[in-house]
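A.B. asks: this is a predicted model, with the sequence first.
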Amino acid sequence: MDDATSQNSAATPMTRENIPLLNRQRNRWYLFSCWRKWFRPRELRARTVNLGRVNTEKFPPNEIRNQKYNFITFLPLVLFEQFRFFLNLYFLLMALSQFIPDIRIGYPYTYWGPLGFVLMVTICREAVDDLRRHQRDHEVNSQKYKRLSSTNISGYEMVPSSKLKVGDVIIVEKNERVPADLILLRTSDRSGSVFVRTDQLDGETDWKPRLAVPYTQKLSRDSELHSIDASFYVEKPQNDIHSFIATFCMADGSEDTGLSVENTLWANTVVAAGTATGIVIYTGCETRSVMNNSQPRSKVGLLDMEINGLTKVLFCAVLGLSLVMMMLKGFGGPWYRYMFRFVLLFSYIIPISLRVNLDMGKAFYSWQMQNDSNIQGTVVRSTTIPEELGRISYVLTDKTGTLTQNEMVFKKIHLGIVSHDADTFHHIGQMIQKLSGNILQQQQGSLSSSSSGGDSTKPMMFGNRMRRPEGWREWEAVRALALCHNVTPVSDDEDNRSVSTASTVTGGNNSPTKSVINIEAPGSTDTEHQYQAASPDEIALVKWTEQVGLTLIARDLNTMTLQVKTPSEDNDILLHYQILQLFPFTSESKRMGIIVRESKTGQITFYLKGADVVMSSIVQYNDWLSEESGNMAREGLRTLVVAKKVLTEEQYSDFETRYNAARLSITDRVAKVAAVTESLERELELLCLTGVEDRLQENVRPTLELLRNAGVRVWMLTGDKLETACCIAKSSQLIGRNQGLHVLRSVKTRTDAHQELNSFRRKQGHALVISGESLEVCLQYYRPEFLELATASPAVVCCRCSPTQKAQVVALIQKHTGKRTCAVGDGGNDVSMIQQADAGVGIEGREGRQASLAGDFSIPQFSHIAKLLLIHGRRSYKRSAALSQFVIHRGLIITTLQAVFSAVFYLSSVALYQGFLMVGYSTLYTMFPVFSLVLDQDITSETAVTYPELYKDLSKGRSLSYKTFFIWVLISIYQGGVIMYGALILFVDEFIHIVAISFSALIMTELIMVALTVRTWHRLMVLAELFSLALYLISLAVLHEYFDWEFIWSYDFLWKVSLITLVSCLPLYIIKFLRKKCSPPSYLKLS
């Protein structure tokens, strides 16, 4: 039986009907899996990148893309964005209905013409904006880099950054942007280190050291990288810029090295000095910088959304009016057809020309911004939201490169009994030159003492307080500043090599670490010294010591060399020091230290510098440090306390033993090392207090004060340290003179957050300072409470913020307050914030163009933001509000005429004005005067800046509200009723006379209403009024189809039109005059 069944089944042909259900299900799942495979997001996974071999795996292209559309999605997305607006969707349905003969009430072009024009203007504007973005992206993507090539004679080839692929080995020169995420293979410095600037990535101004892979750094030249067979196993792409895990392996197993973030160069960082050779591991959308940025979004202004809401109200009015007409007419016969005809007749209550006028107005506002001589360099990259600048309640700004120039300037030094500033710095230089003879004697005396077997560790001069000569305080302070740091001098030759003492001994002419400064030749003092360090503060200190005569000319891991300037330039003194220990700065310790031994005297000195809050308990008792540090802080200076302690050989040996033991400890290593270090930090001799200024951008202080007086709350979001952020907040006067500053302590748990928020709640009127980590905890447990306190604070400073956190803060403010936000930044780490804000402003400066390209507006400096908001933002919003309400009035008044006409003439669904009159009414006869309202201004530019308080009213949205809307509705009903009933009462015998009288009175009323609305006349406004009037007079003479020539030239026509126009406009003028006298707006009181 089973055999027979199987034979029959084998003989039966397989058709669609007898395919097993399981197979059908399998086919469906196959198609579904193919769809998912093609369209699902790319899965991020770990990878192996080969060095010396071809990488076959496919990865994303290395392109920067700020475009919103591509060739395929452009038209669908633009149309979708347009028909999201109820206004456009409504007119699309009305235009489509004209293809149905039974409900057609006029010529199709009267509907399709305006709609097509609106869509064409919008499509062209979006196309131009996106083309500009494409051109800017292409400019960045076309930047050329050196890629190592084994086939090229020169050893490398120049390729654009967009052509780089994973596995390519490229060379990045000094001051070049890193185009993709790299693992560092080789550097021009023999030690394998290179400094990078990461402010475009994390906002921190500190230069960060990066280390090459030890194996590849040992190779004699870059070309040998092709001959080795190795691979890198790297983790999957992620957005954490502070961690990285990878392994370097040789194919033969001879080398296996673990790599960390110190071995990487992330995209958009900049090589600060020397050259770096690296292998590409992540490209395009998988790089750290791009993964920390959000996708560009289409921004819709608040004014557009308000108008969209008003059009919905108007649509309800159309339906209601049509329903009333049908109720009066009766629902007999094909009533739905009559109902739809009434909807079409009254459809002009929702004016399609509103979108055209607003879009043309936006383009004009953008043109004005770009051509304002007071804010030269301003570029409007998004022409859809200029009105947003007039309603900003929160400005969120970056610090580095936005408020500051990222240039540290040494401003003041206090020595306890005397203070020096820029005016008296030359006195310190003179004192050091006078002491140079004593210094030379000390060096020679120490040398002879050591050669004769004496005690070389005994200080000969400055150790004895009784024998200290004049100027010793200055000398000790300057020497401490010249030694206590982590700065390395670099030479500005063609190779940008780091200077080290070792290079002068072993570096030949072909050495990759060749130095142009020969430290053994004192005469080579004409070389301009440049420095690299992890902090610009330290560079400012070392540059100042050079200015006063003590120059750091060489440094490596173990030694340091200073050069003392003498009155005789040929006999400059060289001081050699051995670096015994280095204690780097941390945010927890807030200090850094160094132990050095002077080579000739053998004296061991421990130098320490740090914040006054920690140093005050470390140094010996004094009565001036607290007061002077407070004075400098009030001046906006970043203060450092410098101290020293002379150690004997026995003291240092004991410390070194305990310190090395603590470093080898398995448990509690950090605590034990800190304890040993703190044992040394007792009773240090206080040398000086320094003040360094982070130079602000031009006019930052008055700009922030203008914004504060305008009712705009300013938040500073930075990736920099808390102390630095507080300093800039004070120096820039982000915090008002009478405002306190509350620093939210580090918050780890829910209890901590609760206590800190309660503490801040009791401090009314204080500005808030919070770190990114504490912000995360507060938002996790007490989001509504924190946002309520923060948004009510006069100013907020968020430090240690990641790019993603910056965007999250903007989104939280938008959601919690419903207010409009403006984000200002200049770096790649600000792009997410700029794109999230309602109005994004990018500053184009020394940090690159990425923020500028991503912003809706681009300005050359922060001070332009005040005029952008107070002048152009105000005018754009006021003008667009007046323009939109007047266009709505224009539609309402003609709809009122149509409604009265239909009601009087037996509820007929016949158009009052046919064909060209309807098209001409909203175009030729009234378009130019109405659009000329974009030239109107209520106050001058000087008044807007002098009285920034006027800006506060704009955020309330009173220029366009339901109140003002219904006022215009009442005006339209009154004027439409007067014109229509006046024409009906005054006409004699022919219907065409009603059309002539009412239409002429309508045009004259519109022209007069424009004149009544204008607050400041412009010559183009007068020209527009006269031109429109002349066009209409010509139409009266030419359009015999609509006007009776004999009646037009009669006296009856003239007085009837004049009387109706007078009755419709005179009461409104009287009301406006009385209101202006009795209750004038605030700007009129000032003018």
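C.D. replies: Great, that's in hand. Residues are numbered from 1 along each chain as shown.

A.B. asks: helix or strand next in line after the lowest-mean-pLDDT helix or strand in the chain, which one?
C.D. replies: The helix or strand of the chain with the lowest confidence, counting by mean pLDDT, DSSP states H and E, is helix 501-506 at a mean of 30. As assigned by DSSP states H and E, the chain's next helix or strand after helix 501-506 is strand 530-532.

A.B. asks: check the offset of that following strand from the chain's centre.
C.D. replies: Offset of strand 530-532 from its chain centre (C-alpha atoms, centre = their mean, to the nearest Å): 29 Å.

A.B. asks: likewise stretch 414-427?
C.D. replies: Counting by C-alpha atoms, centre = their mean, stretch 414-427 comes out at 40 Å from the chain centroid.

A.B. asks: pLDDT of it, averaged?
C.D. replies: Across stretch 414-427, pLDDT averages out at 89.

A.B. asks: measure it end to end?
C.D. replies: Stretch 414-427 has its terminal residues 14 Å apart, counting by C-alpha to C-alpha, to the nearest Å.

A.B. asks: repeat that for stretch 732-752.
C.D. replies: End to end - C-alpha to C-alpha - stretch 732-752 spans 30 Å.

A.B. asks: what does that stretch contact?
C.D. replies: 403-404, 636, 696, 700-701, 704-705, 708, 714, 716, 722, 726, 728-730, 753, 756, 759-760, 763, 765-771, 773-774, 777-778, 781, 794-795, 797 (C-beta atoms under 8 Å, 6 or more residues apart in numbering). Every C-beta, even on glycine, is put in place using the N, C-alpha and C of the backbone.

A.B. asks: inside strands: which ones of the residues you listed?
C.D. replies: Mapping the contacts of stretch 732-752 onto strands (DSSP state E) picks out Thr404, Leu696, Val714, Met716, Ala767, Leu768, Val769, Ile770, Ser771, Ala795, Val797.

A.B. asks: got the domain ranges for this protein?
C.D. replies: Per the TED database, the structural domains of the chain span 63-140, 164-292, 302-378+867-1085, 394-403+697-859, 409-440+473-487+531-693.

A.B. asks: now these as JSON lines including mean neighbour count and distance to Glu157?
C.D. replies: Converted to JSON lines, those look like this (neighbours: other C-beta atoms under 10 Å; distance: least, C-beta to C-beta, whole Å):
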{"stretch": "domain 63-140", "mean neighbour count": "16", "distance to Glu157": "19"}
{"stretch": "domain 164-292", "mean neighbour count": "20", "distance to Glu157": "10"}
{"stretch": "domain 302-378+867-1085", "mean neighbour count": "18", "distance to Glu157": "36"}
{"stretch": "domain 394-403+697-859", "mean neighbour count": "21", "distance to Glu157": "25"}
{"stretch": "domain 409-440+473-487+531-693", "mean neighbour count": "18", "distance to Glu157": "29"}
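
A.B. asks: out of those, which gets nearest to Glu387?
C.D. replies: Each of these has some distance to Glu387 by C-beta to C-beta; the shortest is domain 302-378+867-1085, at 4.5 Å.

A.B. asks: so which residue is dead centre in this structure?
C.D. replies: In the chain, the residue lying closest to the centroid (C-alpha atoms, centre = their mean) is Gly825, at 3.2 Å.

A.B. asks: separation between it and Lys609?
C.D. replies: Separation of Gly825 from Lys609 (C-beta to C-beta, to the nearest Å): 32 Å.

A.B. asks: which stretches of the stretch 651-800 of the chain form helices?
C.D. replies: Secondary structure of the stretch 651-800 of the chain by DSSP state H, counting those that start in this stretch: the helices cover 669-680, 700-709, 722-731, 750-761, 772-792.

A.B. asks: which helices and strands sit right next to the last one?
C.D. replies: Just to be clear, that refers to helix 772-792. Helix 772-792 sits against helix 750-761, strand 767-771, strand 795-799, helix 803-817, with contacts defined as 3 or more C-beta pairs under 8 Å, 6 or more residues apart in numbering; DSSP states H and E.

A.B. asks: mind redoing it with 10 Å?
C.D. replies: Where contact means 3 or more C-beta pairs under 10 Å, 6 or more residues apart in numbering; DSSP states H and E, helix 772-792 is packed against strand 713-717, helix 750-761, strand 767-771, strand 795-799, helix 803-817.

A.B. asks: now mean pLDDT and distance to Thr896 too, for those, in TSV please.
C.D. replies: Compiled in TSV, the helices and strands packed on helix 772-792 are given as follows (pLDDT from 0 to 100; distance: least, C-beta to C-beta, whole Å):
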stretch	mean pLDDT	distance to Thr896
strand 713-717	93	44
helix 750-761	90	55
strand 767-771	90	54
strand 795-799	91	51
helix 803-817	91	39
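
A.B. asks: any chance of these in TSV, with distance to Gly977 too?
C.D. replies: Compiled in TSV, the helices and strands packed on helix 772-792 are given as follows (distance: least, C-beta to C-beta, whole Å):
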stretch	distance to Gly977
strand 713-717	47
helix 750-761	57
strand 767-771	57
strand 795-799	54
helix 803-817	43
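
A.B. asks: and the ones you listed: which comes nearest Lys952?
C.D. replies: The nearest among the helices and strands packed on helix 772-792, by C-beta to C-beta, is strand 713-717 at 11.6 Å.

A.B. asks: surely Ser223 touches Gly155?
C.D. replies: Yes - between Ser223 and Gly155 there is a contact under C-beta atoms under 10 Å: 5.3 Å.

A.B. asks: which neighbours do those two have in common?
C.D. replies: Residues touching both Ser223 and Gly155 (C-beta atoms under 10 Å, 6 or more residues apart in numbering) are Leu148, Ser149.

A.B. asks: Met326 reaches Phe346, doesn't it?
C.D. replies: No - with contact defined as C-beta under 10 Å, Met326 does not reach Phe346; the gap is 11.9 Å.

A.B. asks: quick one: common contacting residues for the two?
C.D. replies: Ser909.

A.B. asks: which helix runs longest in this structure?
C.D. replies: Criterion DSSP state H: the longest helix present in the chain is helix 109-141.

A.B. asks: just to revisit the earlier point, pLDDT at the residue nearest to the centre of the chain, what is it?
C.D. replies: 90.

A.B. asks: same question, the one 5 residues further on
C.D. replies: Model confidence at Asp830, given as pLDDT, is 85.

A.B. asks: from what I see, it and Gln805 are in contact.
C.D. replies: No - using C-beta under 10 Å, Asp830 makes no contact with Gln805, being 11.8 Å away.

A.B. asks: shared neighbours, those two?
C.D. replies: Counting by C-beta under 10 Å, 6+ apart, the residues touching both Asp830 and Gln805 are Leu717, Gly719.

A.B. asks: so which of the helices of the stretch 651-800 of the chain is nearest Phe655?
C.D. replies: Short answer: helix 669-680, nearest of the helices of the stretch 651-800 of the chain by C-beta to C-beta, at 5.8 Å.

A.B. asks: what is the closest one packed up against?
C.D. replies: Looks like helix 669-680 contacts strand 573-583, strand 591-598, strand 604-610, helix 649-663 (3+ C-beta pairs under 10 Å, 6+ apart).

A.B. asks: 7 Å instead, please
C.D. replies: Counting contacts by 3 or more C-beta pairs under 7 Å, 6 or more residues apart in numbering; DSSP states H and E, helix 669-680 is packed against helix 649-663.
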